[in-house]
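J.: kindly generate the corresponding structure for this input.
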Amino acid sequence: MPQTEFTPSIDSRPTYAALVPQGSAPALMVADAAGAAALADLASADAAVMDRAHVLLVGAPAAAADRIAALGPVSVHPAPDAEAALPLLAQLLSTARMGTQLYLAGGEGLIGQVAAQALAAGMAAGAIQAEHRGPVARRMQCVHCKGFTEEVETDPFTCAHCGLTLFVRDHFSRRLGAFQGVCVDAEAPGEIPETREIRP
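T.: Okay, the predicted model is just below:
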């Protein structure tokens with residue numbers, strides 16, 4: 001699956017490029033099912049990138065894990081979802097050495113969560129690369145109740161926690177790893193625009 005082309009937006013909106021290998025520097029790689037192909041492309045550009053890499057695959061099928069393992073990383077850790085993956089990521093980050101590179105590939109929700117955790121753990125932003133692959137569903141935080149809703153595909157959408165109808169903003173919080181949603185009918189209760197699919 002090729003990279004997604006995103007239309008220009010506000011400055012806080014993340015932008016993505018293809019992953020660029022940094023040779024045999026120590027590396028953490030995190031990808032979902034769609035992002036696993038980006039890791040394979042990365043290794044085909046420079047096989048040495050896998051020499052000191054620990055790979056965390058989130059929700060990827062066994063065939064994807066086997067394909068990545070065949071590329072020769074130090075380890076491959078499958079996880080069924082992001083919730084299960086984040087504690088292992090915390091452990092890998094806690095033992096990461098200076099100069100470790102973080103390669104992220106897949107959907108924006110996973111990229112945002114992992115990047116936020118890495119930054120909170122003290123990793124330099126310049127050591128983090130991200131390539132978007134797969135659907136354009138967003139991880140949204142309701143600014144009213146502070147709850148997170150995963151895999152948001154429509155605008156507006158209903159907050160899974162407080163039930164407010166929220167406008168999908170392009171504003172992205174790197175600290176939270178999520179886009180921000182605000183009440184769409186706060187000034188005119190009941191006036192809700194037609195639901196549309198989120199586009200890149």
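
J.: assign a three-state SS to the residue nearest the centre of the chain, would you?
T.: Centroid-nearest residue in the chain: Ile111, 1.4 Å away (criterion: Cα atoms, centre = their mean). Here Ile111 is helix, with the state taken from DSSP: H, G, I helix; E, B strand; the rest coil.

J.: gap between it and Glu131?
T.: Distance check for Ile111 against Glu131: by Cβ to Cβ, to the nearest Å, it reads 8 Å. To be clear about C-beta, it is placed using only N, CA and C from the backbone, and glycine gets the same treatment.

J.: Asp32 too?
T.: In terms of Cβ to Cβ, Asp32 sits 12 Å off from Glu131.

J.: list residues touching both of the two?
T.: Ala105 (Cβ atoms under 8 Å, 6 or more residues apart in numbering).

J.: between the two, who's got more neighbours?
T.: Taking neighbours as other Cβ atoms under 10 Å, Asp32 and Glu131 compare with Asp32 leading, 27 against 23.

J.: biggest strand in this structure, by residue count?
T.: Taking DSSP state E as the criterion, the chain has its longest strand at strand 165-173.

J.: I'd like to know which elements that strand is packed against.
T.: strand 138-142, strand 154-155, strand 157-158, strand 178-183 (3 or more Cβ pairs under 8 Å, 6 or more residues apart in numbering; DSSP states H and E).

J.: pull up the pairing partners for the following helix or strand past the last one, direction included.
T.: Going back to what we said before, that points to strand 178-183. Scanning forward in sequence from strand 178-183 by DSSP states H and E, the next helix or strand is strand 196-197. With DSSP bridges as the criterion, the sheet partners recorded for strand 196-197 are strand 154-155 (antiparallel).

J.: so for the partner strand, mean pLDDT?
T.: The pLDDT scores in strand 154-155 average 93.

J.: again, but for stretch 134-147
T.: Mean predicted lDDT for stretch 134-147 stands at 92.

J.: ok now that stretch, how far from the chain's centre?
T.: 12 Å (Cα atoms, centre = their mean, to the nearest Å).

J.: now what about it, what contacts it?
T.: 1, 4, 32-35, 106-109, 112-113, 148-153, 157, 159-162, 164, 166, 168, 173, 176-183, 198-200.
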